[in-house]
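> Need a 3D model of the sequence below.
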Amino acid sequence: MAARDITFGYFLIPNAADPLLEIAAEVERLGLDYVGIQDHPYQRRFVDTFALMSAILARTTTLRVFPDVACLPLRPAGVLAKTAVSLDVLSRGRFELGLGAGSFWDAIEGYGGTRRTPGESLDQLAEGIDVIRRLWSGERGLRYEGDYYHLRGVHSGPLPVHDIGIWVGSYGPRALRLTGRLADGWVPSIRGDTLGRLAEMNDLVDAGASEAGRDPGSIRRVFNVNGTITDATSEGFLRGPVNQWVDELSNLATQHRGQTFIFWGEGADQLRRFAEEVVPATRSALET
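Sure, this is the predicted structure:
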C-alpha cells in the first residue's frame, strides 16, 4: 500500500456538551482527511449525528465526513438516501455513508424501532443498500417490493456530486460476506481482540466480493483505531509511544490492507499528537 493512498481521520463522539464544531475545525486545520461520527440517536447526551455532520460540512472546506456507522433500523432507507445525497451535494462531494445493521436492540426498540433477529437485521441491511443505490441512480418511476422496504413509482434525485461510498460496519461471517458482496467499504473497530481475527475477517469480505463477481481490492478498508498515544512503554496494542503506533498502523496497512485510519483516542492532546506525530511518521515509514 503506497503512502499516498493512505488517509487518516478522527472519530468524533457527538457529546452535546463538547465544542464539536471547534473540534472538527481543528481536525481540518491539522490536515486530517475525515471525521467519522458514531450514530446512537437514543443516547440522551448526543446531538443527532446527521445534524452535526451538516454543521461540520458547512463549517469546513476540505474535511470529509461520514457516519461511523448510521443506525439503519432508526433511519428509513429512502429518507436516508435523500439525506446522504443532500449532504454530498451541499458539501460538493465530501460525504460518505457508513451503515450498520443495528445493535443495542433494547434502545432501538425503546426509541420506536423494530427489534430484529441478527438474520433479519442483515436482510434489512441488504435491502436498504439496494434501495439507497436505486434512489441515487437518477432513474424515474422506481419500483421495489422487499420484506422491509418498498418503492412505488418514485423518482430518484438529486444526483450525488461524487460516487458516494457505502461503508458497512460488520464483524460476523455472514455480515462480512454481505459487505464484500454489496458495499464499497468495510468499517471495523480494531482493538486487541479484533486483531487476532483480522486476517480471517478480511478473507470473508474478499470471499463475498468474489462470489458476487466483484474485485475484492475495490472494497476500501476503513479501520477505527482505538487507543492512547503515550510517552511511556507499551501497555498493549495501540497503547504506547509514537514509534509503536507507527509500527502497528504500518502493519495494518501492509499486512491487512488498511487504507483509512480513523483515530479514536480520548484525552488532552491526543488529536494533535496523532495528526502531528503519528500520521507523518506513518506515511514516512510506508514510503520506505
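> now the helices for this structure?
20-29, 49-59, 77-90, 105-110, 118-135, 173-182, 192-195, 198-211, 242-256, 270-273, 279-287 (DSSP state H).
> Out of those helices, which gets nearest to residue 152?
Proximity to residue 152, assessed across those by C-beta to C-beta, is greatest for helix 77-90 (10.6 Å). All C-beta atoms are positioned from the backbone trio N, CA, C, and that covers glycine.
> what helices or strands is the closest one leaning on?
Here helix 77-90 is seen to pack against helix 49-59, helix 118-135 when contacts are counted using 3 or more C-beta pairs under 8 Å, 6 or more residues apart in numbering; DSSP states H and E.
> Only C-alpha atoms, please: export the first one in CSV.
Only the C-alpha atoms of helix 49-59 are listed here, as CSV (Å, rounded to 0.1, in the frame of the first residue of the first chain):
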residue,chain,number,x,y,z
THR,A,49,-25.3,12.7,14.0
PHE,A,50,-26.7,13.9,10.7
ALA,A,51,-27.5,17.4,12.0
LEU,A,52,-23.9,17.5,13.3
MET,A,53,-22.4,16.3,10.0
SER,A,54,-24.3,19.1,8.2
ALA,A,55,-23.0,21.7,10.5
ILE,A,56,-19.4,20.4,10.2
LEU,A,57,-19.6,20.4,6.4
ALA,A,58,-20.8,24.0,6.5
ARG,A,59,-18.0,25.0,8.8
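> How far does that helix sit from its chain's centre?
On the basis of C-alpha atoms, centre = their mean, to the nearest Å, helix 49-59 sits 16 Å off its chain's mean C-alpha point.
> The last one now?
The offset between the C-alpha centroid of helix 118-135 and the centroid of the whole chain comes to 17 Å, using C-alpha atoms, centre = their mean.
> can you pull the buried residues of it?
In terms of neighbour count (16 or more other C-beta atoms under 10 Å), helix 118-135 has its buried residues at 120-132, 134-135.
> other SSEs contacting it?
Against helix 118-135 (3+ C-beta pairs under 8 Å, 6+ apart) you get helix 77-90, strand 97-100, strand 142-145, strand 150-154, strand 166-168, helix 173-182.
> Now distance to residue 70, mean pLDDT and mean neighbour count too, for those, in CSV please.
As requested, the helices and strands packed on helix 118-135 are exported to CSV (distance: least, C-beta to C-beta, whole Å; pLDDT from 0 to 100; neighbours: other C-beta atoms under 10 Å):
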stretch, distance to residue 70, mean pLDDT, mean neighbour count
helix 77-90, 7, 98, 20
strand 97-100, 5, 98, 26
strand 142-145, 20, 98, 12
strand 150-154, 19, 98, 13
strand 166-168, 10, 98, 26
helix 173-182, 15, 98, 21
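> closest to residue 265 out of these?
strand 97-100 (19.0 Å).
> ok so, going back, from the buried residues of helix 118-135, which single one is nearest residue 197?
Among these, and counting by C-beta to C-beta, the member closest to residue 197 is residue 122, at 18.5 Å.
> show me what contacts that closest one?
Going by C-beta atoms under 8 Å, 6 or more residues apart in numbering, residue 122 touches 101, 174-175, 178.
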